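[1] With the sequence up front, the predicted model follows.
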Amino acid sequence: MPQQEFNLLDKFIRHLRLREISPYLKKNDVVCDLGCGDGSILEALSLKIKEGYGIDKESSDYKKGNLRFIRGDIAKPLPFKNERFDAILFLAVLEHLESPDFIFNEAGRILKRKGLFILTTPTPSSKPLLEFLAFKLGIISSREIKEHKHYYSKQELIKLSKKYNFKMIKLKQFCLGFNTLAVARK
């Protein structure tokens, strides 16, 4: 996989995301990580889940144990059959999209009935801090922060989940209120 511009702080924040999402995954789950980046989240979960599939435009096609990584664009139809996954991860990706409509529809298509759609996204209040850390101090990925299109409030996440027929079962802030975890059931 290509090496991305991540440092220790980026990796620590990724660890906090992993800690937040892990309790929602079970041993027999087949999981899809949309926008999986370098695949490190799925790799960390590999012993906890049955199978994992990661898809990202910067990924390479490869298999590693119970994990499969696919180079692909989440803005195009996903290469998975209907109702294939027990859980879909969408971690720190939503804020990079111009519009969430297409991927929310695709998530609903590939997620099993009663499956979980688990996402994290920075809060609106995190924008000034993230920009300061990236552009002034250079201690987090400036490329990642430049690509942010929108910072979602809790109300916007609730509205999105309802619009695409997901039932929000958990919505909370973490990382000192700078990130939101949303867990919705199909």
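    Sure, I can see it. Numbers count the residues shown, from 1 in each chain.
[2] The chain: helices as residue ranges?
    8-21, 40-45, 101-110, 127-131, 142-146, 154-163 (DSSP state H).
[3] The ones you listed: which one's closest to residue 185?
    For residue 185, the closest of the helices of the chain is helix 154-163, at 9.2 Å, according to CB to CB. Every residue, glycine included, has its C-beta placed from N, CA and C.
[4] Tell me which other helices or strands the closest one touches.
    Packed against helix 154-163 by the contact rule (3 or more CB pairs under 8 Å, 6 or more residues apart in numbering; DSSP states H and E) you find strand 111-122, strand 167-174, strand 179-185.
[5] 6 Å instead, please
    strand 167-174 (3 or more CB pairs under 6 Å, 6 or more residues apart in numbering; DSSP states H and E).
[6] ok, residues contacting the strand it packs on?
    Contact with strand 167-174 is made by 20, 154, 158, 161, 180-185, as judged by CB atoms under 6 Å, 6 or more residues apart in numbering.
[7] any idea of the angle it forms with helix 8-21?
    Between strand 167-174 and helix 8-21, the angle comes out at 140 degrees (axes from the mean of the first three to the mean of the last three CA atoms, to 10 degrees).
[8] so how far is strand 167-174 off the chain centroid?
    Centre-to-centre, strand 167-174 and its host chain are 14 Å apart (CA atoms, centre = their mean, to the nearest Å).
[9] So in this protein, where's the weakest helix or strand by average pLDDT?
    Across the helices and strands of the chain, mean confidence by mean pLDDT, DSSP states H and E is lowest for helix 8-21: a mean of 87.
[10] about what we covered before: which one (most neighbours) among the contacts of strand 167-174?
    Within the contacts of strand 167-174, neighbour counts (other CB atoms under 10 Å) peak at residue 184, which reaches 27 neighbours.
[11] you'd agree residue 72 is up against residue 56?
    No. Look at residue 72 against residue 56 with CB atoms under 6 Å: they stay out of range, at 7.3 Å.
[12] higher neighbour count, these two?
    Neighbours were counted for residue 72 and for residue 56 using other CB under 10 Å; residue 56 has more, 22 against 17.
[13] what's the neighbour count on the closest residue to the more buried one other than its chain neighbours?
    In this structure, residue 56 finds its nearest non-sequential neighbour in residue 36, 4.7 Å apart by CB to CB, 6 or more residues apart in numbering. Counted with other CB under 10 Å, the neighbours of residue 36 add up to 27.
[14] Contacts only, for residue 87.
    Contacts of residue 87 were listed using CB under 6 Å, 6+ apart, and they are 25, 29, 31, 116.
[15] where's the first one relative to residue 144, distance?
    Summarising the geometry, the distance separating residue 25 from residue 144, computed by CB to CB, to the nearest Å, is 24 Å.
[16] Next: the third one.
    Using CB to CB, we find residue 31 at a distance of 23 Å from residue 144.
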